[in-house]
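[1] Show me how the following folds:
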Amino acid sequence: MVVSWWLACARAPLPAPEPPPTVIVDPNDRHQIMWGFGASLTESSAEVWRTLPEATQRALVEEAFDPVEGLGFSVARTHIGSTDFSLGHYAYVPDGATDLTGFSLEREAEHLRPLLRSVQAVAGDDYRLIASPWSPPAWLKDNGAWIGGSLLREHDGLYADYLSRYLTEQARIGVEIHAITPQNEPLHGGNWDTCVWTAEHQRDFLRDHLGPALERDGHGEVQVLVFDHNRADVRAWVDVVLADPEAARHVDGVAVHWYAIHFGGGTDYRHDVLAELSEAYPDLVLVHTESSLDLDAADPVGQFFRTGPWDWTKTPFEPFDQYARDLIGTVRAGAVGYVEWNWLLDTTGGPNPYDNFNSAPFLVDRESGSVIRTPLLGLLGQFSAHVRPGAVRVGVSHPEDLPATGFVHGDDTVVVVYNPSPEERRVSIDLGQGQTQVTTVSARSVQTLVRAPGGVEIWETGPSRNHEPLR
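    Have a look, this model is predicted:
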């Protein structure tokens, strides 16, 4: 009897393994056309970059921006005049130059201009550069200072001419600016170069001054992105500006930042706000123009996988997790581009005159000249190297614990999946048209799957990989 029982058990079929969770791509559910992904080119970035040997300078630009051999960053942002990541305050005209006499970009000739030109030469025809002012020249403001205050309305016309002249002079020296924002963080009035605006003032400025100045000076092809601040406040601002048809005529899109997502002790990415904005204004492009992370100089790589108070709110979060969720969620909400703050800094997180030390994709040790590649480089690369300008985001359904998004570009399908779990997970990806790919996503990692006519490629970034191919 014992033998018979044992034989019966041996012949019994084993329980079938549970099928892996499925990510489903709908290639016919098409949404926004992508600009791409990248990081910002600041005077601080440029100053550090210029300390390196020329061969290293060229190699780092190619690694990030080359669309064939590198990660293909295709969107960047720079500053009009000084910013918190400049070596000091500066404007392009002397104080009191009400006719813009003496307008000059020479301040940027030593550091920033060579970087802008180098990136433009490498990045290819699909590259876009966005320019933003942090403050008008101080003498145009009601407090006469670089920090805080507001633009005096009596100087609206002069300041519009100043911004248009910036575009003219950059074009003259061969630097192409594809979009501008009228003001970086218009609701922020402290800490460093800032200028407070109301939505009503930005509306009037666009309608009566900046829009007409750009048209007059031949810059009608330069796109204007309004707002350029935190997501929680974007809808109310945009509604005010676009309610005026003549102001709306000069608006091409909306720029947003990720800051203030930690108020209340939790994390609210406000992707729902962005999705509602995209639905309300489908003809406008939505661009994420800034995110950043306070640097842990003692552990600049490991900090991405540790929970800590890594921004000014001091709310604990894990940086890699936050970036992964936000990249996927912001694109799913309609963004055509995602731009990180500084592209490159030194290992102190500077130079920065305000003790506001940030991480970056590249960190350079000034003493040794060695370069640290943080996980942020690979994380951006999971998108930028495979989601090229012109790709179209498509509908993707996914389990709640496996954030994902997808794109089609010609015959290629690209799917990005994030596994936040401490364990690796097998995932089935339904690519449509009867094609399914089963893959294993490592713990706490982002994986990009590219199905092309020649086969399937898989790339991954996580605790042990930085945009490395798996097949």
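
[2] next one: phi and psi at Asp346?
    phi -90, psi 180 (degrees, to the nearest 10).

[3] can you count the residues close to it?
    23 (other Cβ atoms under 10 Å). C-beta coordinates here come from the backbone N, C-alpha and C atoms, glycine included.

[4] cool, Ala131 as well?
    Per other Cβ under 10 Å, the neighbour tally for Ala131 reads 23.

[5] and it, bridged to which residues?
    Using DSSP bridges, the bridge partners assigned to Ala131 are Thr78, Ile180.

[6] do you know how far it is from Thr439?
    Ala131 sits 40 Å away from Thr439, going by Cβ to Cβ, to the nearest Å.

[7] And Arg207, by the same measure?
    Arg207 sits 51 Å away from Thr439, going by Cβ to Cβ.

[8] element containing the most centrally placed residue in the chain?
    In the chain, the residue lying closest to the centroid (Cα atoms, centre = their mean) is Val339, at 1.6 Å. When secondary structure is defined by DSSP states H and E, Val339 falls within strand 335-342.

[9] Surely the residue nearest to the centre of the chain touches Ser292?
    No - the criterion here is Cβ atoms under 8 Å, and Val339 misses it with Ser292 at 10.8 Å.

[10] what do the two both touch?
    Overlap of the contact sets of Val339 and Ser292 (by Cβ atoms under 8 Å, 6 or more residues apart in numbering) is empty.

[11] Mind naming the longest helix for this structure?
    In the chain, with assignment by DSSP state H, the single longest helix is helix 156-172.

[12] helices and strands around that one, which ones?
    Contact here means 3 or more Cβ pairs under 8 Å, 6 or more residues apart in numbering; DSSP states H and E; on that basis helix 156-172 packs against strand 128-133, helix 199-205, helix 211-216.

[13] Out of the ones you listed, which is closest to Asn28?
    Closest of the helices and strands packed on helix 156-172 to Asn28 is strand 128-133, at 27.7 Å (criterion: Cβ to Cβ).

[14] how big is the angle separating the closest one from strand 335-342?
    60 degrees (axes from the mean of the first three to the mean of the last three Cα atoms, to 10 degrees).

[15] any idea how far strand 128-133 is from the chain center?
    Relative to its parent chain, strand 128-133 has a centroid offset of 12 Å by Cα atoms, centre = their mean, to the nearest Å.

[16] quick one: average confidence on it?
    Mean pLDDT, strand 128-133: 98.

[17] contacts for it?
    Strand 128-133 is touched from outside by 35-36, 41, 74-81, 116, 120, 163, 166-167, 170, 175-184, 195, 225, 228, 255, 287, 289, 337, 339, 389, with contacts defined as Cβ under 8 Å, 6+ apart.

[18] let's go with 6 Å and repeat that
    For strand 128-133, the external contacting residues (Cβ atoms under 6 Å, 6 or more residues apart in numbering) are 35, 75-78, 80-81, 177-181, 184.
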